[in-house]
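# from the sequence below, what's the structure:
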Amino acid sequence: MSMGRTTTAIVDYGVGNLKSITNAMNYLGLSTVITSDGEALRRADAMILPGVGAFPDAYDKLRASGLDRVVTEQAGQKPVLGICLGMQLLFDRGEELRATPGLGLIPGSVKKISTACKLPHIGWNSLHFQNHSPLFAGLPDGAYVYFVHTYCGAACHESDVIARTEYGASVVAAVGRGNVFGCQFHPEKSGEAGLQILKNFGELCR
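Numbering: from 1, shown residues only. Got it, this is the predicted structure:
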């Protein structure tokens, strides 16, 4: 555990909404650094893995940068938070466009949402907490957060699922396993509830 001020590294691998995450963390008074440098990621007290776009493209960029190895190595040593596509990359594999390996930090795969509702799923939906997690400390069941996605995680173990939402089907909204956490929604775009989640994450490495 670090003494004094802690720093969260936001992984820059060419895919992700880095500015809005940084702005939200700075608003909370949490120190951040956007970096593609493996040593900077190792020095940080926590990591956020963002992501937008398609799973195969994102994984290919992460692997080409060599940061896939750094993230998996550091996940056993410090808190890691995957956001949106960043959460999907935490799984063993993705099925978007083509079968693609993931980071293997959460057992399971990423599949298209099986729903009669319009895809992509865009908008505010409520969270229903399935398992206790420090990520959601202080939040009531039913808190609303903002989603933009067509694919979602299918976890092998229900014990790894910490929240679900309903979108014509039950959808995994958040996962947690050891130091590794993932939010399918965008906490940085989810108002007070999202800020509370980022604050909780920031406190995990204090």
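# can you tell me the helix or strand for the spatially most central residue of the chain?
For the chain, residue 82 is the residue whose C-alpha lies nearest the centre (CA atoms, centre = their mean; 2.1 Å). Per DSSP states H and E, residue 82 falls inside strand 80-83.
# helices or strands next to that strand in the packing?
Secondary-structure packing of strand 80-83 (3 or more CB pairs under 8 Å, 6 or more residues apart in numbering; DSSP states H and E): strand 46-49, strand 180-183. Yep, even glycine has a C-beta here, placed from its N, CA and C like the rest.
# ok, back up a step: roughly how far apart are the residue nearest to the centre of the chain and residue 11?
Note on residue 82: its distance to residue 11, by CB to CB, to the nearest Å, is 9 Å.
# what is in contact with the two at once?
Here residue 82 and residue 11 have 48, 49 as joint contacts, going by CB atoms under 8 Å, 6 or more residues apart in numbering.
# output the helices and strands packed on strand 80-83 in a markdown table; the columns should cover distance to residue 73.
Below are the helices and strands packed on strand 80-83 laid out as a markdown table (distance: least, CB to CB, whole Å):
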| stretch | distance to residue 73 |
| --- | --- |
| strand 46-49 | 11 |
| strand 180-183 | 12 |
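# how about the ones you listed in CSV, adding mean pLDDT and mean neighbour count?
Formatted as CSV, these follow (pLDDT from 0 to 100; neighbours: other CB atoms under 10 Å):
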stretch, mean pLDDT, mean neighbour count
strand 46-49, 97, 27
strand 180-183, 98, 28
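# so which of these comes closest to residue 156?
Proximity to residue 156 (CB to CB) singles out strand 180-183 among the helices and strands packed on strand 80-83, at 14.1 Å.
# what does the closest one rub up against?
75, 79-84, 86-88, 90, 105-106, 133, 135, 145, 153, 162, 173-176, 197, 201.
# got the CA positions of the strand holding residue 82 in CSV?
What follows is strand 80-83, C-alpha atoms only, in CSV (Å, rounded to 0.1, in the frame of the first residue of the first chain):
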residue,chain,number,x,y,z
VAL,A,80,-7.4,-2.4,-12.2
LEU,A,81,-10.6,-1.0,-13.6
GLY,A,82,-11.8,-1.7,-17.1
ILE,A,83,-14.4,0.6,-18.5
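# quick one: contacts for residue 188?
Residue 188 sits next to 17, 20, 21, 23, 24, 83, 194, 198 when contact means CB under 8 Å, 6+ apart.
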